[in-house]
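**Student:** Return a 3D structure for these sequence lines:
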Amino acid sequence: MTAAGLARFTGRTALLSAAASGIGEATAHRLADEGASVLVTDVDGKGAHRVAEEIRAKGGQARDLQLDATSPADWAAAVAEVESWTGRLDVVHLNAGRNFPGAAHELDDASWHDQLRLSLDSVFFGVRAAVPLLRAARGAMVITSSVHAAIGFKGYPAYAAAKGGIGALVRQLAVEYAGEVRFNAVLPGAVVTALWARTPPEAKARISARTPVGRLGVPEDIAAAVAFLASDDASFITGQNLLVDGGRSITSHE
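**Tutor:** Have a look, this model is predicted:
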């Protein structure tokens, strides 16, 4: 999949978290391919540097920065980096998250709080740091949520709570900054990233069979949705939670 000749982000600057792999990496490439100057950040600094180098090798504009999405100080540094580089911030994609499966009675306090801090607190920290520049540019923020925010699966209470919280926060932010910044979320379904490396082939086949489009998602599927929501093509869309799951959420989960 490519940007198909689109140039919706020419002259604009994007900041992405958790962009060293998977959905974040695909989105960094997608936005850069469409003309954005991209700041690639991740707690994996080497991975972020690799992605930025790949973008530059294609003729795109990219910088990289190590960022712990749970650190307000790191967020302040990332926004300062963008401001000194291009002087503006038009698009933010918040993509950090963590999932430790386990029923509620099996989770200890640390696991619960760790998942909420990386998947939900990090969103608040990113919003708080980026909103001033986004307001000045009348920009857009897209947050990676999950299909878990819309339907229930056994064994994911903390993850579902965090992703559900993102949905409520997106609506609140869309009202809070109406007319200045658009806020939306994408809710990926089963998307093949590095986390799927240990998934047995039979499990992948079973999930694919239960997905109306007949396949699992790939990071580029989500990147395309993020790019749409961040672009002027979605200028009349805010406060929404877009399911990007191949139709999985509209079928039986038995």
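**Student:** Using PDB, write out every CA atom in the strand or helix carrying residue 202.
**Tutor:** Per DSSP states H and E: residue 202 is located in helix 201-209. Provided in PDB are the C-alpha atoms of helix 201-209 (Å, rounded to 0.1, in the frame of the first residue of the first chain):
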ATOM      1  CA  PRO A 201      -0.700 -20.300  12.500                       C
ATOM      2  CA  GLU A 202      -4.000 -22.000  13.500                       C
ATOM      3  CA  ALA A 203      -5.000 -19.100  15.700                       C
ATOM      4  CA  LYS A 204      -4.300 -16.600  12.900                       C
ATOM      5  CA  ALA A 205      -6.300 -18.700  10.500                       C
ATOM      6  CA  ARG A 206      -9.200 -18.900  13.000                       C
ATOM      7  CA  ILE A 207      -9.300 -15.100  13.600                       C
ATOM      8  CA  SER A 208      -9.000 -14.400   9.800                       C
ATOM      9  CA  ALA A 209     -12.000 -16.700   9.200                       C
END
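**Student:** I'd like the next helix or strand past that helix.
**Tutor:** Next along from helix 201-209, by DSSP H and E: helix 219-230.
**Student:** Quick one: mean pLDDT over the very next helix or strand once past that following helix.
**Tutor:** The element immediately downstream of helix 219-230 (helix or strand, assigned by DSSP H and E) is strand 240-244. On average, the pLDDT along strand 240-244 is 95.
**Student:** swap in stretch 76-96?
**Tutor:** 97.
**Student:** End to end on that stretch, go ahead and measure it.
**Tutor:** Counting by C-alpha to C-alpha, to the nearest Å, you get 16 Å between the two ends of stretch 76-96.
**Student:** which of the residues in that stretch are buried?
**Tutor:** By neighbour count on 16 or more other C-beta atoms under 10 Å, the buried set for stretch 76-96 is 78-79, 81-82, 86, 88-96. The C-beta positions use only the backbone N, C-alpha and C, and glycine is treated the same way.
**Student:** What of stretch 11-18?
**Tutor:** Buried, per 16+ other C-beta under 10 Å, within stretch 11-18: 12, 13, 14, 15, 16, 17, 18.
**Student:** Filter these down to the ones in strands?
**Tutor:** Per DSSP state E, strands hold the following members of those: 13, 14, 15, 16.
**Student:** a markdown table for the residues you listed, including distance to residue 33?
**Tutor:** Shown next, in a markdown table, are those (distance: C-beta to C-beta, whole Å):
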| residue | distance to residue 33 |
| --- | --- |
| 13 | 15 |
| 14 | 12 |
| 15 | 17 |
| 16 | 14 |
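**Student:** The helix or strand containing residue 113: what's the following helix or strand?
**Tutor:** Assessed by DSSP H and E, residue 113 sits inside helix 109-116. Counting by DSSP H and E, the next helix or strand C-terminal to helix 109-116 is helix 122-137.
**Student:** Kindly format the C-alpha coordinates of that next one as CSV.
**Tutor:** Provided in CSV are the C-alpha atoms of helix 122-137 (Å, rounded to 0.1, in the frame of the first residue of the first chain):
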residue,chain,number,x,y,z
SER,A,122,0.7,8.8,28.3
VAL,A,123,-2.2,10.2,26.1
PHE,A,124,-2.9,12.9,28.7
PHE,A,125,0.8,13.8,28.9
GLY,A,126,1.1,14.0,25.1
VAL,A,127,-2.0,16.1,24.8
ARG,A,128,-1.0,18.5,27.5
ALA,A,129,2.4,19.1,25.9
ALA,A,130,1.3,19.3,22.3
VAL,A,131,-2.0,21.3,22.5
PRO,A,132,-0.5,24.8,22.4
LEU,A,133,1.3,24.2,19.1
LEU,A,134,-1.6,22.2,17.7
ARG,A,135,-4.0,25.1,18.5
ALA,A,136,-1.7,27.6,16.8
ALA,A,137,-1.7,25.4,13.6
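**Student:** angle of the helix or strand that comes right after that helix against helix 122-137?
**Tutor:** For helix 122-137, the following helix or strand on the C-terminal side (DSSP H and E) is strand 140-144. Here the directions of strand 140-144 and helix 122-137 differ by 160 degrees (axes from the mean of the first three to the mean of the last three C-alpha atoms, to 10 degrees).
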